[in-house]
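Student: What follows is a predicted protein model with its sequence.
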Amino acid sequence: MRTLIKHALASTEPKDAVSVSAWVRSRRDAKGFSFLELNDGSCLTNLQAVVDSNVPGYEQIALLTTGASVIVEGRLVASPAAGQKWEIHATSLKMVGLADASYPLQKKGHSLEFLRTIAHLRPRSNLFGAVFRTRSRLAYAIHRFFQERDFVYVHTPIITASDCEGAGEMFRVTTFKEGSAPAPAVDFFGKPTFLTVSGQLEAETFASALSNVYTFGPTFRAENSNTSRHAAEFWMIEPEMAFCDLAGDMDLSEEFIKATARHALEDCAEDLGLFQKFVDKTLHERLAFVLERPFQRVAYTDALEILAKSGRTFEHPVQYGLNFQSEHERFLTEEHFRCPVTVFNYPREIKPFYMRLNDDGKTVAAMDVLVPGIGEVIGGSQREERLEVLEENMRLQKLQPEAYWWYLDLRRYGTVPHAGFGLGFERLLMFLTGVSNIRDVIPFARTPGNVEF
RNA sequence: UCCAAAGUAGCUCAAUGGUAGAGCACGCGGCUGUUAACCGUGUGGUUGUAGGUUCGAGUCCUACCUUUGGAGCCA
């Protein structure tokens, strides 16, 4: 039976018979025997196999170059040399698949740019193995976070007919053949359809029945964004809570960030060690800081004042009614507060129609969580639960209420104050791993002009 | 999309306008409980693409392509 390397390495005693199936990371030949560094992706650390020349299969040793796949059976014993606690002394060696000289991954380091061009092979590298193990563990942690708090997981649709969700350019979905342009009325769905840019509106319907819900799924934006923080396809997490106001929303967002940071530190310690060493020397310090301190909460107008009084000259104006620019967010999180910052109560004009109008009549109950290094990682709000106010908002933003009849129904039948937020999973991963390009935390990145693999 | 920078061997990088090189990878030989093994040796190039300037272009100019960084949009 196959033993995963992570379990072999975690062994507390020698074992007479283990079988390891893995890929060769490197081979070192000695007189009469060879060392094989084996990795099966179950953990960062390799298992060293010692293969004596009289072991069945040794005649193929010269073929076992970096990248080849093998099955090694043998005894797990304490290693006499420094560098590893356990090693396997082979009793049989079986070559499964060769990797010829064109195998592009070397034992030495590669640039992230090069590895992106071989996205099908990069999970075999130390860094990307660590990134994608961490991604998996965090996805699990996120489900656990919500499930433990009695949130219901809702699968909101990928295909939508709402063409004005207000969250960015959308991809068209059609069954029309290339080059043809018939009317949407005779297309598959009988109207224009798109890939979702957010599951929020649908999530609100379920929150209005099941109280606390969340979505966690793929999301699409057709923006021509060429940055290290944007992808055309990404995964978004959107909790939505009934009978909840903005303060409760901010509480949950802070709790969420802290829980995922704690989980990463505890559950992905080995992989985080790699990130700390090779990607971001301040990673542990930053995560510990996030865990220890409450996030700073500052109203939009107060944040404006901090920026205005900073003595800094910013490239973009600091003025009521304008969104914060990257330089402003960076100043707040990286220089002024030096920790995650939650900015709330934004001017009504710069936020979407569904955000709840505050009593001042000028601001809405919106909040953005800004983190050092990444910028905005969470955007959320208390939703407008009053039918008349919501309809007025829609008219102000030139939206047609009829198109949102089902969304408005929530306000007609047993409306409740409710709130939620959206969070980009990849941006969270960037924050928790220190990896600075979104293309390196998603298995196969889709960006303008790039859909290979 | 805008601004800036960069594209040279499979990878990482050198090369005053004057004969394209090194390390690693890979091949061969040697040595060794090795561990990014080591020593010797060999293979490896339409210098991103297309034009232009020049006696001569990897090097200078123009356009395009790609990548990176920053900006906008946002998650």
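Tutor: Noted; the coordinates are in hand. Note that this is a predicted model, so its numbers are computed, not measured. Residues are numbered from 1 along each chain as shown, chains lettered A, B, ... in the order given.
Student: Give me the domain ranges for chain A.
Tutor: A:5-97, A:122-440 (automatic domain parsing).
Student: Now do the strands in the stretch 201-350 of chain A.
Tutor: Under the criterion DSSP state E, counting those that start in this stretch, the stretch 201-350 of chain A carries strands at the ranges A:212-220, A:233-242, A:296-299, A:341-347.
Student: Any chance of those in a markdown table with distance to RNA strand B and mean neighbour count as columns?
Tutor: C-betas here are computed from N, CA, C, even on glycine. Converted to a markdown table, the strands of the stretch 201-350 of chain A look like this (distance: least, C-beta to the nearest atom of the strand, whole Å; neighbours: other C-beta atoms under 10 Å):
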| stretch | distance to RNA strand B | mean neighbour count |
| --- | --- | --- |
| strand A:212-220 | 7 | 21 |
| strand A:233-242 | 4 | 23 |
| strand A:296-299 | 17 | 17 |
| strand A:341-347 | 11 | 22 |
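Student: Compile those into JSON lines and extend it with columns for mean pLDDT.
Tutor: JSON lines is the format used below for the strands of the stretch 201-350 of chain A (pLDDT from 0 to 100):
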{"stretch": "strand A:212-220", "mean pLDDT": "96"}
{"stretch": "strand A:233-242", "mean pLDDT": "97"}
{"stretch": "strand A:296-299", "mean pLDDT": "94"}
{"stretch": "strand A:341-347", "mean pLDDT": "95"}
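Student: Export those strands to CSV and append columns for distance to residue A:421.
Tutor: Compiled in CSV, the strands of the stretch 201-350 of chain A are given as follows (distance: least, C-beta to C-beta, whole Å):
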stretch, distance to residue A:421
strand A:212-220, 10
strand A:233-242, 6
strand A:296-299, 14
strand A:341-347, 10
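Student: what about residue A:81, how many residues close to it?
Tutor: Residues within reach of residue A:81, counting by other C-beta atoms under 10 Å, total 9.
Student: Ramachandran coordinates for it?
Tutor: Note on residue A:81: backbone dihedrals following degrees, to the nearest 10 are phi -100, psi 160.
Student: what about it, distance to RNA strand B?
Tutor: Going from residue A:81 to RNA strand B by C-beta to the nearest atom of the strand, to the nearest Å gives 3 Å.
Student: cool, residue A:257 as well?
Tutor: 12 Å.
Student: one step back: out of the strands of the stretch 201-350 of chain A, the one nearest residue A:418 is which?
Tutor: strand A:233-242 (4.6 Å; C-beta to C-beta).
Student: Can you list the strands that that closest one pairs with?
Tutor: Counting by DSSP bridges, the strands paired with strand A:233-242 are strand A:212-220 (antiparallel), strand A:418-424 (antiparallel).
Student: chain center to stretch A:343-358: distance?
Tutor: Relative to its chain's centre, stretch A:343-358 lies at 26 Å (C-alpha atoms, centre = their mean, to the nearest Å).
Student: Run through who's touching it.
Tutor: A:166-167, A:200-201, A:246, A:250, A:297-301, A:303, A:320-324, A:332, A:362-368, A:370, A:381-385, A:389-390, A:393-394, A:396-397, A:399, A:417 (C-beta atoms under 8 Å, 6 or more residues apart in numbering).
Student: What parts of the stretch 201-350 of chain A come near RNA strand B?
Tutor: With C-beta under 7 Å from any atom of the strand as the criterion, the stretch 201-350 of chain A meets RNA strand B at residues A:221, A:223-232, A:234, A:236, A:316, A:323, A:325-327, A:330.
Student: where does residue A:148 fall, phi/psi-wise?
Tutor: Dihedral angles (degrees, to the nearest 10) for residue A:148: phi -70, psi -20.
Student: Relative to RNA strand B, how far out is it?
Tutor: From residue A:148 to RNA strand B the distance is 23 Å (C-beta to the nearest atom of the strand).
Student: Against residue A:296, how distant is that residue?
Tutor: Distance, residue A:148 to residue A:296, by C-beta to C-beta, to the nearest Å: 27 Å.
Student: same deal with residue A:27?
Tutor: 53 Å.
Student: Contact partners for the residue of the stretch 351-453 of chain A found nearest RNA strand B?
Tutor: Residue nearest to RNA strand B within the stretch 351-453 of chain A: residue A:424 (3.3 Å; C-beta to the nearest atom of the strand). Neighbour list for residue A:424: A:234, A:235, A:236, A:377 [criterion: C-beta under 8 Å, 6+ apart].
Student: Which ChimeraX command selects the buried ones in the residues of the stretch 201-350 of chain A next to RNA strand B?
Tutor: With 16 or more other C-beta atoms under 10 Å as the burial test, the buried ones among these are selected in ChimeraX as follows:
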select /A:221,229,230,231,232,234,236,330
